[in-house]
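Student: Sequence isn't available, so here's the structure alone:
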């Protein structure tokens with residue numbers, strides 16, 4: 001019992017420190033059953049922390065500025081703050097809430113409640129609701145992201161009536 005209590009306290013401390021930088025740890029994203037079924041309950045707090053750090057580096061690090069800078073550079077402009085489209089970001093001044101049109105990069109077969117959408121224009125959005133929608137795989141489909149009420153944004157794939165709520169992360 002004491003070991004479980006200590007483990008829970010360490011996990012809570014790990015979650016609290018990770019939450020402060022906006023990263024969702026495995027403990028936050030998985031249910032208790034999923035966590036146990038994956039065998040993650042067997043990890044020491046140090047091993048779990050190392051795994052979360054690896055996930056943070058390899059998932060969020062790939063979503064950093066190089067993609068946005070490359071998109072801006074390919075448009076022939078210098079990658080400075082004035083040339084980057086800030087729509088949908090928390091720091092967006094909300095002056096221009098026009099729909100965003102672009103294409104997804106790669107194969108698309110729908111969303112599953114945890115989807116990440118990488119756009120050709122360098123933007124990266126994540127699904128902000130738990131809806132699921134599946135279609136036959138398509139390559140680089142065109143899409144539109146439209147603003148809604150209360151700073152919400154909705155993604156729709158051209159040719160389909162279904163929308164999902166999204167949040168921009170880059």
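Tutor: On my side now, so go ahead. Please read these numbers as outputs of a predicted model, since none were measured by experiment. Residues are numbered from 1 along each chain as shown.

Student: from here on, contacts and neighbour counts on C-alpha atoms
Tutor: Fine.

Student: any idea what sits nearest residue 117, other than its immediate chain neighbours?
Tutor: Sequence neighbours aside, residue 125 is the residue nearest to residue 117 in space, at 5.1 Å (criterion: C-alpha to C-alpha, 6 or more residues apart in numbering).

Student: which residues sit against the helix or strand harbouring that neighbour?
Tutor: Following DSSP states H and E, one finds residue 125 within strand 124-127. With contact meaning C-alpha atoms under 8 Å, 6 or more residues apart in numbering, strand 124-127 is reached by 63, 111, 113-118, 164-170.

Student: Identify the farthest-apart pair in these.
Tutor: Farthest pair in the contacts of strand 124-127 (C-alpha to C-alpha) is 63 and 164. Separation: 20.5 Å.

Student: follow-up on the earlier one: out of the contacts of strand 124-127, the closest to residue 103 would be?
Tutor: Of all the contacts of strand 124-127, residue 103 sits closest to residue 118, with 8.5 Å by C-alpha to C-alpha.

Student: Report the secondary structure element holding the closest one.
Tutor: Assigned by DSSP H and E, residue 118 falls in strand 116-118.

Student: can you give me the mean pLDDT across that strand?
Tutor: Taken as a whole, strand 116-118 has a mean pLDDT of 93.
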